[in-house]
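[1] Give me coordinates for this.
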Amino acid sequence: MSLLDNMPHTATAKRRTRTKDALGGSKDSFTTLFEDRACWRQQASSGEIREAQAREVQITHKVFFASDPGLDERDVLVIGGDTMSVRSYVHPDASAGLGVLWRVMVKLED
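    Below is the predicted model:
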């Protein structure tokens with residue numbers, strides 16, 4: 001059984017929607033896009049972090065999916081109790097050596 005068939009983590013994705021409240025301020029609400037989707041969370045490499053910083057984007061991790069999860073910068077992922085903001089569009093990534101995975105770069109929220 002390959003890693004593609006048995007990814008070690010599961011993720012819940014939520015999309016942030018900003019609305020105005022009754023007093024004219026803004027508030028965020030979240031809609032669940034998917035739950036318990038298999039994924040593989042890894043620490044971002046120092047090179048990936050430097051490359052993102054050059055574009056003024058902060059990242060801490062990368063998350064791989066077996067198929068396109070359809071995420072963008074409006075979304076957050078919850079993996080193992082950690083909340084991570086999506087910082088990039090999803091890209092196909094063949095570097096895993098196991099076929100094409102879909103990679104999204106994220107920032108761990110405090």
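[2] Which strands border the helix or strand bottoming out on mean pLDDT in the chain, and is each parallel or antiparallel?
    The least trusted helix or strand in the chain, going by mean pLDDT, DSSP states H and E, turns out to be strand 91-93, with a mean of 80. Strand pairing for strand 91-93, determined by DSSP bridges: strand 101-108 (antiparallel).
[3] got the contact list for the strand it pairs with?
    Defining contact as C-beta atoms under 8 Å, 6 or more residues apart in numbering, one finds that strand 101-108 is touched by 4, 40, 44, 48, 52, 57-69, 71, 77, 82-94. Backbone N, C-alpha and C define where each C-beta goes, glycine included.
[4] Sort out which of those residues are in strands and list them.
    Mapping the contacts of strand 101-108 onto strands (DSSP state E) picks out 40, 61-65, 77, 82-86, 91-93.
[5] List buried residues within those.
    Neighbour-count burial (16 or more other C-beta atoms under 10 Å) applied to the ones in strands among the contacts of strand 101-108 gives W40, H61, K62, V63, F64, F65, L77, M84, S85, V86.
[6] Just name the closest of those residues to K27, please.
    Nearest to K27, judged by C-beta to C-beta, of those is S85 at 17.1 Å.
[7] got the contact list for the closest one?
    Applying C-beta under 8 Å, 6+ apart to S85 gives the contacts E73, D75, V76, V106, K107, E109.
[8] quick one: F30 and V76 touch, right?
    Yes - assessed by C-beta atoms under 8 Å, F30 is found in contact with V76 at 7.3 Å.
[9] ok, so of the ones in strands among the contacts of strand 101-108, who is nearest R16?
    The closest of the ones in strands among the contacts of strand 101-108 to R16 turns out to be S85 (C-beta to C-beta; 8.8 Å).
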